[in-house]
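Engineer: Below: sequence and its predicted model.
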Amino acid sequence: MNVYDSDKMLEILSKSGYSSIDNPDDADLVILNTCHIREKAGEKVYSDLGRLRKLKTKKNLDGKKMFIVVAGCVAQAEGDEILKRAPFVDIVVGPQTYHKIPELLKKVDEFVKAEIDISFPPEEKFKLLPQINIKRNQLSSFLTVQEGCDKFCTFCVVPYTRGSEYSRSVEEIIAEAKILVSTGVREITLLGQNVNAYHGMANNGVEVGLDYVINKIAEIENLDRIRFTTSHPRDMQKNLIDLFGYQEKLMPLIHLPVQSGSDKILKDMNRGHNINDYKKIIHSLKEARPEISFSSDFIVGYPGETEKDFQSTLKLVEEVKFSQSFSFIYSPRPGTPASIKNNQIPEEIKKSRLHDLQKVLNNERSRFNSSFVGKKLNILLEKFTDTRDEFIGKSEYLQPVKIKCRESLIGQTFNVFVESVDSNCLNARLVN
């Protein structure tokens, strides 16, 4: 989501004459687009601001200006606190107000006074975001269709930093998708904090779900692949599950975070599903598309997690056989119910459990990758490797695939024959 938002900021600012550069030393404007999901991400913001302060001071001494903007979820959560800790910051904007950066820059430049806007107007933001045809040589792109969350899991700050669930209209989404494809994009990933909770309006005024949006986007010529993330088990409806069985452009990989393998922990997290519910969804998806694979998110060391609870998580991993996953130590987030529980888990236990979990997850990923050796696999060829003697593509399951072939094949999807696995990358050759 932050990658998508950052791209949109660049589009907005390009109308004011800005373009992106790689070196902050030469920047007139620096934007930190921030994440508040874990404590480490929040701490990094102030560390980066400390470095930027020195650059801004040096520029000012040379008679030049540098504006610093803090955007995103840390900005939304901490607001005025950022200006107290870092008074040299010029603008603070939340995820729903970054479209106002150009007008806020004018105010700061004119009145030399820091500006802050952390309101929640998603409808306004999406209506004002420019539909600019910027060529970035991207073959894969993100497209936000839904924002916010109404689930209020006890560990999560998203409802407080992104606001309540909001779905864009089908018309807006299709228009943006067509622009992306016109710039050369061949793969679109639909984004949402709870993307499968999408309930937007079609042109006839009828409320529709994510399956409808995917089928409409699939009609766009030259778009080869569609993905969506992140899904919530509570919103995994039959229409969307069935879609995997017949929509050929929908890739056979779904990210479906479970967080824990323990019903007790899931209940305390306020997830609204249990392990039996989750397994039924997995079974239904396999019935719809037998070759489908699954990725997930896991939190270890949630308050009150016993060794028995943790073992239930390991058991679920071995049963479902996730092709890839993200796993984290529980990080207390200010303002969330879980952060004030009195049964917090010691850090050394959390670290030990994360190590054990990641070992099992990595084994499952290796097993999944190795299962393709000696088989055909469809890839989207994207670019040269760093050594420029091979090319690298992306499989339907998001695996990187190395291959020697013609440069003219970049941007095309085709089958390859997998010969070996090197770390997390597949090595392949063209199918004769």
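Structural biologist: Alright, I've got the coordinates.
Engineer: Would you mind splitting this protein into its domains for me?
Structural biologist: 2-121, 376-430 (automatic domain parsing).
Engineer: For these, please prepare JSON lines with the additional fields mean pLDDT, mean neighbour count and distance to Ala218.
Structural biologist: Glycine gets a C-beta too; all of them are placed from N, C-alpha and C. Formatted as JSON lines, the entries for those read as follows, by pLDDT from 0 to 100; neighbours: other CB atoms under 10 Å; distance: least, CB to CB, whole Å:
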{"stretch": "domain 2-121", "mean pLDDT": "90", "mean neighbour count": "17", "distance to Ala218": "20"}
{"stretch": "domain 376-430", "mean pLDDT": "94", "mean neighbour count": "16", "distance to Ala218": "14"}
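Engineer: Phe126: which element?
Structural biologist: For Phe126, the host element (DSSP states H and E) is helix 122-128.
Engineer: could you give the mean pLDDT of that helix?
Structural biologist: For helix 122-128, the per-residue pLDDT values average out at 69.
Engineer: Parallel or antiparallel, which strands does the helix or strand that comes right after that helix pair with?
Structural biologist: Towards the C-terminus, the helix or strand next in line after helix 122-128, according to DSSP H and E, is strand 140-144. Counting by DSSP bridges, the strands paired with strand 140-144 are strand 187-191 (parallel).
Engineer: Measure how far the strand it pairs with is from the centre of its chain, please.
Structural biologist: 10 Å (CA atoms, centre = their mean, to the nearest Å).
Engineer: Kindly report the same for stretch 326-340.
Structural biologist: Relative to the centre of its chain, stretch 326-340 is centred 19 Å away, using CA atoms, centre = their mean.
Engineer: And for stretch 289-302?
Structural biologist: The gap between where stretch 289-302 is centred and where its chain is centred comes out at 15 Å by CA atoms, centre = their mean.
Engineer: these two touch, right, Gln193 and Tyr160?
Structural biologist: No - Gln193 sits out of contact with Tyr160 when judged by CB atoms under 8 Å, with a separation of 11.9 Å.
Engineer: For the two, indicate the residue with more neighbours.
Structural biologist: When neighbours are counted by other CB atoms under 10 Å, Gln193 and Tyr160 differ, and Gln193 comes out ahead with 24 against 17.
Engineer: Just the pLDDT at the spatially closest residue to the more buried one that is not a sequence neighbour, thanks.
Structural biologist: Across the structure, with CB to CB, 6 or more residues apart in numbering as the measure, the residue nearest Gln193 apart from its sequence neighbours is Cys149 (4.7 Å). The predicted structure scores Cys149 at 93 on the pLDDT scale.
Engineer: Can you give me the neighbour number for Cys149?
Structural biologist: Taking other CB under 10 Å as the neighbour definition, Cys149 ends up with a count of 22.
Engineer: pretty sure it contacts Gly192?
Structural biologist: No - under the criterion of CB under 8 Å, Cys149 lies out of contact with Gly192, with a separation of 9.0 Å.
Engineer: From Asn203, how far off is Ala197?
Structural biologist: When CB to CB, to the nearest Å is the yardstick, Ala197 and Asn203 sit 21 Å from each other.
Engineer: Look at the two and report which has more neighbours.
Structural biologist: Of the pair Ala197 and Asn203, Ala197 is the one with more neighbours under other CB under 10 Å, namely 22 against 10.
Engineer: Tell me if I'm right that that one and Glu165 touch.
Structural biologist: Yes - because the distance of 5.7 Å satisfies CB under 8 Å, Ala197 is recorded as touching Glu165.
Engineer: so what sits against both of these two?
Structural biologist: Shared between the contact lists of Ala197 and Glu165 (criterion: CB atoms under 8 Å, 6 or more residues apart in numbering) are residues 146, 150.
Engineer: Just give the closest residue to Leu49, not the sequence neighbours.
Structural biologist: Closest residue to Leu49 in three dimensions, ignoring its sequence neighbours and counting by CB to CB, 6+ apart: Ala86, at 4.7 Å.
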